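Asks: sequence and predicted structure, then a few things I'm wondering about:
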Amino acid sequence: MTDKNKRRILVVDDEITVCKSIRQAIVSDEYEIDLSLSGEEALKKEEEKKYDLIITDLMMPGISGLDLLKNLKDKKSNAKVIMVTGYPTIKTAVQSVKMGAFDYLPKPFTPADLRSLVARAFKAADSEEKGENWVEEVKMPAGLHYMLGHAWIKKEDGGLATVGILYDFLKSVGIITQMDLPKVGDTVSQGEICGKVTDAEKFVHRIWSPATGRVVEVNTKLRDDHSLLRKNPYQEGWLFRIETTNLEEDLKGLILSK
């Protein structure tokens with residue numbers, strides 16, 4: 001593959017060892033990968049080179065990951081942004097997705113976790129470059145709260161809520177060959193893993209929970225028929241129901257569909 005056709009990736013972290021380890025995890029003949037040790041340096045490099053993907057640490061001195069994201073959005077950059085975050089900053093990571101980050105990756109993560117996320121980001125970018133308006137192929141009903149690019153939640157009676165996957169997440173994954181959902185009695189937390197799907201290329205993609213609560217019911221139909229997710233992701237393709245613990249607070253970090 002010629003340099004002209006390679007995807008350009010910028011890795012941003014104030015620790016060079018972290019930058020190098022991320023580069024090593026995703027190194028490929030298909031990618032041209034640069035490193036930056038600060039948000040300030042990253043903005044200069046993006047201005048000069050125009051990256052397809054920026055993987056940045058959330059917490060950095062000077063220009064933080066959130067500041068970098070805001071600057072990129074203000075400049076109308078087309079680069080997709082993946083935010084790397086520590087556990088204490090999950091709420092901020094959820095906020096970063098609301099601000100326009102493609103996704104976030106909590107520490108610690110494996111090279112496979114990172115490669116799966118990068119593959120999904122570029123699959124979404126490919127669809128956009130081809131002019132596919134795939135986000136609107138299945139319209140989201142009004143009245144749902146959702147985490148951009150991931151999951152939705154619908155308030156039910158008695159403190160219960162139904163959780164499902166957004167259609168744009170499904171499209172960026174492609175063909176699903178395996179699905180792992182929580183069990184009844186499990187607790188899920190907003191911004192943390194509530195399920196996983198494996199695609200035809202054997203990438204495993206993590207689904208973030210839109211709210212915190214105890215799982216009281218799982219959609220068993222999905223075990224036998226994954227196609228329900230695509231056919232009707234906002235009704236028959238729901239994932240599970242939870243008994244919520246602090247739903248009104250959780251909803252503040254989500255977007256309301258209209």
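Replies: That came through, no problem. Note that the coordinates shown come from a computational prediction; the quantities given were computed from them, not determined experimentally.

Asks: so who does the residue nearest the centre of the chain touch?
Replies: Note on the chain: the residue nearest the mean C-alpha position is Asp103, at 3.1 Å, using Cα atoms, centre = their mean. If you count contacts by Cβ atoms under 8 Å, 6 or more residues apart in numbering, Asp103 has them with 82-83, 97, 117, 120-121, 149-150. (Glycine included, C-beta is placed from N, CA and C.)

Asks: equivalent analysis for Gly191, please.
Replies: Listed by Cβ under 8 Å, 6+ apart, the contact partners of Gly191 are 90-91, 93-94, 147, 208-209.

Asks: list phi and psi for it.
Replies: Gly191 adopts backbone torsions of phi 80, psi 0, taken as degrees, to the nearest 10.

Asks: please name the nearest non-neighbouring residue to it.
Replies: Ile90 (4.1 Å; Cβ to Cβ, 6 or more residues apart in numbering).

Asks: check the gap between the one you found and Glu192 for me.
Replies: Using Cβ to Cβ, to the nearest Å, we find Ile90 at a distance of 7 Å from Glu192.

Asks: what number of residues lie near Phe203?
Replies: Neighbour count of Phe203, defined by other Cβ atoms under 10 Å: 19.

Asks: and Ser28, by the same measure?
Replies: A count of neighbours around Ser28, defined by other Cβ under 10 Å, yields 13.

Asks: check for me that it belongs to a strand.
Replies: No - using DSSP: H, G, I helix; E, B strand; the rest coil, the assignment for Ser28 is coil, not a strand.

Asks: got the confidence number for it?
Replies: We have a pLDDT of 92 for Ser28.

Asks: phi first, then psi, for it.
Replies: phi -160, psi 150.

Asks: what sits against the closest residue to Lys155 other than its chain neighbours?
Replies: Nearest non-adjacent residue to Lys155, counting by Cβ to Cβ, 6+ apart: Ala161, 5.5 Å away. By Cβ under 8 Å, 6+ apart, the contact list for Ala161 reads 153-155, 211, 213, 241-242, 244, 247.

Asks: how about Thr244?
Replies: So Thr244 contacts 159-161, 211-213, 250 (Cβ under 8 Å, 6+ apart).

Asks: for the residue nearest to it when sequence neighbours are not counted, give the beta-bridge partners.
Replies: In space, and not counting its chain neighbours, Thr244 is closest to Gly213: 4.2 Å by Cβ to Cβ, 6+ apart. Residues in a beta bridge with Gly213, per DSSP bridges, are Val188, Thr244.

Asks: pretty sure Gly213 is touching Glu249, no?
Replies: No - in this structure, Gly213 is not within contact of Glu249 by Cβ atoms under 8 Å, at 11.9 Å.

Asks: more neighbours, those two?
Replies: Higher neighbour count among Gly213 and Glu249: Gly213, with 25 against 12, using other Cβ under 10 Å.

Asks: now Ile153, what's its secondary structure?
Replies: strand.

Asks: from Arg223, how far out is it?
Replies: Going from Ile153 to Arg223 by Cβ to Cβ gives 21 Å.

Asks: between those two, which has more neighbouring residues?
Replies: Ile153 (26 against 10).

Asks: and the more buried one, what are its bridge partners?
Replies: Counting by DSSP bridges, the residues bridging with Ile153 are His145, Val163.
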